[in-house]
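**Student:** predicted model and sequence below, questions to follow.
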Amino acid sequence: MVARHKSTAGVARRGTAGAGRSSTRVAAGRGRGFRMRGRVRRSVLFSVCGLPLLVLSACGGGGGPAAGPSTASASRSGPAAAGRASNGGSSGSAASAGHTSGTGHTPTAAVGLVKSLDALDFVSPQRGFAAGSGAILATRDGGRSWSRQYRGRLRIRALDFSGPRHGWAVASGALLRTSDGGGVWRRAAEPPQPLSAVAFTSATTGFGVAGSSLYRTVDAAKTWTRAKVPGPVQAVCFGGARRGWAAGGTALYRTVDGGAAWSLADRLQVTVPAGARWQLACAGPAHVWGAIVLGAAMSQESYVAVESSDGGATWHMPLAREAVGRMSGIAPYLGAFGLASGGGSVWFTGLCPACGMGSASVAVSTDGGRSWARHAIAGLHVVPTAVATGAAGQAWIAVTQGGGGRVLTTTNGGRSWTQQYPAAVTPALGIDMLSRSLGYGLGTLGDAARVLRTTDGGRRWTQVGTLPGAPASGGLGGAAPLPAMPLSFWDARGGYAVTPGGALWRTSDGGRSWTPVSAGLRSVGSVAFVGDGRYGCAGSPLLGHLRGTTDGGRTWVAVRGGSRGGWTGALACALRLQGAPAWKGLLAGAGAVPPAGPAPALLVAATGTPGYGWIWNGGTLRRTVDGGRTWTALPQKTASRGFGVQGLSFADAAHGWLITPGGRLLTTSDGGLHWRPLTPAATGHG
């Protein structure tokens, strides 16, 4: 069945912001330091992601929280089911577990935003399920719209459907089952210990991991018996009714008789620390992948991935990454992975905090791990928690970022992603508001090239165009930093934008079409225009590379100096060219102007109120009301108790908008003293 092979990982969420890098295909190299017992075809070790220092221009945005060591969990995958191990979260009562809901399809907007999403399962390219904190969602159209099937207190950690009607949901301390495609979910029995993973091969027969033991049921989870596996088990998956795999510690186990007997298939020659968890994914009787995180040090993980395409007769190790001394593997941190139907492709996700936008990425191999095509996921700063695969080049991921769970999909092998749940999108990379109602945004979660427009103050956004030359994934191969101030409009039709690769583009029709601009710069980090569009500057202010125009961009000249060595960046440069009298304090460097220091800064001015400006620098938002002569630190009062800044814009002295590194859009009506989210509030427990 198409799209039955996916993986979920209970990986600790990590966040960061930084520079984009272009997509790349990397051939595998020889591996050292990790060995497997038995017949090993090859072991390879390769490097994909370097760690460039994130430096934003003087009009730059802030970063998110630093990445930390993961607590990787076993994942689930398989044609009929898969194994996933993840502990923690809240549990609910039996009464809340049995929930009846109509099977009629409701628009995504009516579902609400779920606090977190941890599991995905697509039984066909059209029929799929997502679950997390207090919710199970379903789609009948490939993810374009979703209905809510379960609402309660349980946090669902894993999903497994043996077909379109029969499914199981693993929660913390509870197992739910449905026999009508999710219309009704009821509590099912568990083994003596709580389940952390299940793998069902039919409506009645399945396997579950509880503690470090494997259990079997033949009566749809009414009763369980312990399976005889020669070792501890952390993950399980089946590639059919008879062929299955289990993993625990350094061992991989195999059954060829439907789980009646299990034998050792192979053993890793590595040290596996306590608490390390496996992920497994199966595709038919021949293909199986497994991955395990072995530890973390120096803000990176050590992990290995193993694969067999001949039913376990031979094995190889496509990924082997050591945390200390080796910059190799998919990414510094490993996320969930999924295996396509038939084993034709495998999708690994990861996180590279220093790689910037997106610091999360997907790596796809169609040749058993010999080579990989890797793409950043624009605006995503956490590792995906679940992966489901479909037809060639198609996949879905579940993530929790920006205050709630989200589902993204790709149909081109991961080069670009579209957010399907929730349906409403907001700009993720840049924002420029011309008035209280009209404004433009750049980039969405998963797609850095989208140009958005709002006419109701940011409540709703529509795509008006696509920025040419902007890699939809955000890129992974270049060293250019993420544009700090990537968007500048002077009226409803005219504006400039900067791609993640540093190219400058102009529009004269409100973002519908774009023309490349050569300003005499190799790479542009920010752009700002003031007044009627005649005065503007572009470049990399922090590096001292700025060029300005006084004729609307027809000619550009090098601009030197500026206040405090140019630390205020492209906007101060444009105001200086304009000779704005309201900004004499800023341009002269007078008053208590915050020092630049080593931290990036982002400076914006109110569109309709001369002399009012805001600067984000050193983790603090400050405001001036006298053209830069004095600055006042503003408290960060939001529902999330503080924020970072990816984009910032003010239409007047009171009304402003802010994009957090996690992609959440906030607004203020009192000049930045208080902020409230424009995106729907998340619901759910856990």
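**Tutor:** That came through fine. Numbering: from 1, shown residues only.
**Student:** list the buried residues of stretch 425-440.
**Tutor:** 425-434, 436, 438-440 (16 or more other C-beta atoms under 10 Å). Where C-beta positions appear, they are placed from N, C-alpha and C, glycine not excepted.
**Student:** repeat for stretch 240-254
**Tutor:** If you call a residue buried by 16+ other C-beta under 10 Å, then stretch 240-254 has these buried ones: 240, 243-254.
**Student:** repeat for stretch 372-386
**Tutor:** Residues of stretch 372-386 classed as buried: 372-386 (neighbour count, 16+ other C-beta under 10 Å).
**Student:** show me which of the buried residues of stretch 425-440 is closest to Ala572.
**Tutor:** If you rank the buried residues of stretch 425-440 by distance to Ala572 using C-beta to C-beta, Asp432 comes first, at 16.7 Å.
**Student:** within its sheet, name the partner strands of the strand or helix carrying the closest one and how each one runs.
**Tutor:** Under the assignment given by DSSP states H and E, the secondary-structure element containing Asp432 is strand 430-433. Applying DSSP bridges to the sheet, strand 430-433 is found paired with strand 439-444 (antiparallel).
**Student:** may I see the buried residues of stretch 240-254 organised as TSV, with pLDDT added?
**Tutor:** Conversion of the buried residues of stretch 240-254 to TSV gives the following (pLDDT from 0 to 100):
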residue	pLDDT
Gly240	92
Arg243	95
Gly244	96
Trp245	96
Ala246	96
Ala247	96
Gly248	94
Gly249	93
Thr250	93
Ala251	94
Leu252	95
Tyr253	96
Arg254	95
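**Student:** Gly494: which of these is nearest?
**Tutor:** For the buried residues of stretch 240-254, the nearest to Gly494 is Ala247 (58.4 Å; C-beta to C-beta).
**Student:** how far away from the center of its chain is the strand holding Asp432?
**Tutor:** Between the mean C-alpha point of strand 430-433 and the mean C-alpha point of its chain there is a distance of 22 Å (C-alpha atoms, centre = their mean, to the nearest Å).
**Student:** ok, now stretch 268-282?
**Tutor:** Chain-centre distance of stretch 268-282: 24 Å, with C-alpha atoms, centre = their mean.
**Student:** ok, now stretch 140-158?
**Tutor:** Distance, stretch centre to chain centre, for stretch 140-158: 19 Å (C-alpha atoms, centre = their mean).
**Student:** state the mean pLDDT of it.
**Tutor:** Stretch 140-158 shows a mean pLDDT of 94 in the predicted model.
**Student:** quick one: buried residues of that stretch?
**Tutor:** Judged by neighbour count (16+ other C-beta under 10 Å), stretch 140-158 contains these buried residues: 140, 142-143, 145-158.
**Student:** re earlier: list just the nearest of the buried residues of stretch 240-254 to Cys352.
**Tutor:** Ala247 (25.9 Å).
**Student:** for burial, what's the neighbour tally of the nearest residue to the closest one once chain neighbours are set aside?
**Tutor:** In space, and not counting its chain neighbours, Ala247 is closest to Trp278: 4.1 Å by C-beta to C-beta, 6 or more residues apart in numbering. Trp278 is surrounded by 29 other residues when neighbours are defined as other C-beta atoms under 10 Å.
**Student:** start the count at 481 instead of 1 going forward.
**Tutor:** Understood, numbering begins at 481; the last thing we discussed is Trp758.
**Student:** separation between Trp758 and Gly720?
**Tutor:** The spacing between Trp758 and Gly720, counted by C-beta to C-beta, to the nearest Å, is 20 Å.
**Student:** also Phe680?
**Tutor:** 12 Å.
**Student:** equivalent analysis for Gly686, please.
**Tutor:** Relative to Gly720, Gly686 is positioned 13 Å away (C-beta to C-beta).
**Student:** please apply the same query to Leu819.
**Tutor:** Where Gly720 is concerned, Leu819 sits at a distance of 14 Å (C-beta to C-beta).
**Student:** just to be sure, Gly1142 is in a strand?
**Tutor:** No - inclusion of Gly1142 in a strand is not indicated when DSSP: H, G, I helix; E, B strand; the rest coil is applied; the result is coil.
**Student:** phi and psi next, for the closest residue to it other than its chain neighbours.
**Tutor:** With sequence-adjacent residues excluded and distances taken as C-beta to C-beta, 6+ apart, Gly1142 is closest to Gly882, at 4.3 Å. Main-chain torsions, Gly882, degrees, to the nearest 10: phi 70, psi 30.
**Student:** and the longest strand seen in the chain, C-alpha only, in CSV?
**Tutor:** Once the chain is assigned using DSSP state E, the strand that runs over the most residues is strand 627-641. Once side chains and other backbone atoms are set aside, the C-alpha atoms of strand 627-641 remain, and they are given as CSV (Å, rounded to 0.1, in the frame of the first residue of the first chain):
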residue,chain,number,x,y,z
SER,A,627,-10.9,16.9,10.5
ARG,A,628,-10.4,16.2,14.2
GLN,A,629,-11.3,12.7,15.2
TYR,A,630,-10.1,12.6,18.8
ARG,A,631,-10.1,15.3,21.5
GLY,A,632,-9.0,14.5,25.0
ARG,A,633,-6.2,14.7,27.5
LEU,A,634,-3.9,12.0,26.1
ARG,A,635,-0.8,12.9,24.3
ILE,A,636,-0.5,10.6,21.3
ARG,A,637,3.1,9.5,20.7
ALA,A,638,2.6,7.0,17.8
LEU,A,639,0.1,6.0,15.2
ASP,A,640,-0.2,2.7,13.4
PHE,A,641,-2.9,1.7,10.8
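**Student:** paired strands for that strand, with orientation please.
**Tutor:** Short version: by DSSP bridges, strand 627-641 pairs with strand 608-619 (antiparallel), strand 647-651 (antiparallel).
**Student:** for the shortest one, what is the average pLDDT?
**Tutor:** Averaged across strand 647-651, the pLDDT comes to 97.
**Student:** ditto for stretch 820-827
**Tutor:** For stretch 820-827, mean pLDDT is 87.
**Student:** relative to the whole chain's centre, how far out is it?
**Tutor:** Counting by C-alpha atoms, centre = their mean, stretch 820-827 comes out at 21 Å from the chain centroid.
**Student:** any idea how far Thr1148 is from the nearest residue to Gly643 once chain neighbours are set aside?
**Tutor:** Nearest residue to Gly643, sequence neighbours excluded (C-beta to C-beta, 6+ apart): Val603, at 6.5 Å. Val603 sits 45 Å away from Thr1148 when distances are taken as C-beta to C-beta.
**Student:** what of Arg1002?
**Tutor:** Distance, Arg1002 to Thr1148, by C-beta to C-beta: 37 Å.
**Student:** also Leu799?
**Tutor:** Counting by C-beta to C-beta - Leu799 and Thr1148 are separated by 45 Å.
**Student:** and Leu1114, by the same measure?
**Tutor:** Taken as C-beta to C-beta, the spacing of Leu1114 relative to Thr1148 amounts to 9 Å.
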